[in-house]
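Visitor: predicted coordinates and the sequence they were generated for:
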Amino acid sequence: MSARTDKTAIIIVGPTASGKTALSLAFAARYSTSIISADSRQCYRELNIGVAKPSPEELSQCRHYFIDSHSIHEQVDTMIFEKEALAAANEIFKDREMAIVTGGTGLYVKVFCEGIDEIPAVDPGVKTRVEEAWRNGGNNALQQWLTEIDPDFMSSTKEKDNRVRLMRALEVKLSSGRSILEYQGGQKKQRDFTIRKIGIEWPRDILYERINKRVEVMMESGLLEEARSLYPHRHLKALQTVGYQEIFNHLDGKCSLDEAVDKIKQHTRNYAKRQLTWFRKDEGIEWMSWEKAILKT
């Protein structure tokens, strides 16, 4: 497949609260093009404040793909994202030279750029069993289960506390009888367009200040009310998310509202650290300050 060297996808990455939305809008305006979201939660119509979804005003500035595209009751995974994101890119490239991709979900960025190994479909009943195990016993239950049925995965993974990775490994093993390791490590897919990656970086203390402020703004904007409206659906995978889980604990009487807000700030900072660890492994990302990145537009 020959590359369309006149077509480029600009990938904007960085930790939460780093300014990806504003930068992507600036690039989209500069090239009169559209944005593909690589965020695993902003695709859900029912989630807004808690996932820092772009405002209606921001969304009106250009076409956005993979935002408000699914319901929390639908299954959305990397294979679905890859298919829909590439279809969006092809649509954009019909009359534009540039497409903007932005988001903090590292795996979504990876599959857009490199593809994903074909993993068999997971039986819904298996998903239910795994989710129940996590709800009843947390990550410890998942780790113990995997140690019993897929010790090779547990001995090789560096993300033993990553709930999503643990659940996925269990689902694959239980559905196919094979370790997820057997489906990984394949060759990268070649895209027929050029990829350029830009990473936004901030001094850690400033980033953490931005995160704390964002959480406070979310609370002022109605996060408590949004979480309360979603409470009946708290068991869904889409809502196993920082911001909602802490408020759900407050609604369950497990902590005060102030304690919940402090936990949201702490867990968001922890998430930002994990995002940076993921993206720092990608040598293809050009890191720069937000101010410098804006000048690039």
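Guide: Nice, I can see it. Quick caveat: nothing in here was measured; it's all calculated off a predicted structure.
Visitor: which elements pack onto the helix ranked longest in the chain?
Guide: Using DSSP state H, we find that the single longest helix of the chain is helix 124-149. Using 3 or more Cβ pairs under 8 Å, 6 or more residues apart in numbering; DSSP states H and E, the elements in contact with helix 124-149 are helix 151-156, helix 163-176. In this view, the C-beta of every residue, glycine as well, is placed from N, C-alpha and C.
Visitor: out of those helices, deepest packed?
Guide: Mean neighbour count (mean count of other Cβ atoms under 10 Å) peaks for helix 163-176 among the helices and strands packed on helix 124-149, with a mean of 20.
Visitor: which SSE is immediately downstream of it?
Guide: Counting by DSSP states H and E, the next helix or strand C-terminal to helix 163-176 is strand 193-201.
Visitor: what sits up against the following helix or strand past that following strand?
Guide: On the C-terminal side of strand 193-201, the nearest following helix or strand under DSSP H and E is helix 204-221. Helix 204-221 is contacted from outside by 15-18, 49-50, 52, 202, 243, 261, 264-265, 268-269, 272, using Cβ atoms under 8 Å, 6 or more residues apart in numbering.
Visitor: which ones among the residues you listed map onto helices?
Guide: 261, 264-265, 268-269, 272.
Visitor: most surrounded residue in these?
Guide: Of all the ones in helices among the contacts of helix 204-221, the highest neighbour tally under other Cβ atoms under 10 Å goes to residue 264, namely 25 neighbours.
Visitor: relative to helix 163-176, how tilted is the longest helix of the chain?
Guide: For helix 124-149 against helix 163-176, the angle by axes from the mean of the first three to the mean of the last three Cα atoms, to 10 degrees is 100 degrees.
Visitor: just the ones in helices among the contacts of helix 204-221 now: which is nearest residue 87?
Guide: Residue 87 lies nearest to residue 272 out of the ones in helices among the contacts of helix 204-221, by Cβ to Cβ, at 30.2 Å.
Visitor: I'd say the closest one and residue 16 touch.
Guide: Yes - taking Cβ atoms under 8 Å as the definition, residue 272 is a contact partner of residue 16 at 5.2 Å.
Visitor: which of the three states applies to residue 46?
Guide: coil (DSSP: H, G, I helix; E, B strand; the rest coil).
Visitor: who's in contact with the nearest residue to it once chain neighbours are set aside?
Guide: The shortest distance from residue 46 to any non-neighbouring residue, by Cβ to Cβ, 6 or more residues apart in numbering, is to residue 72 (4.9 Å). With contact set as Cβ under 8 Å, 6+ apart, residue 72 has these partners: 44-47, 230, 233, 236, 238-239.
Visitor: which one of the residues you listed is nearest residue 128?
Guide: Nearest member of those to residue 128, counting by Cβ to Cβ, is residue 236, at 11.7 Å.
Visitor: how many neighbours does the closest one have?
Guide: Residues near residue 236, counting by other Cβ under 10 Å, number 17.
Visitor: what is the mean pLDDT for the helix or strand containing residue 225?
Guide: Assigning secondary structure by DSSP H and E places residue 225 in helix 223-230. For helix 223-230, mean pLDDT rounds to 98.
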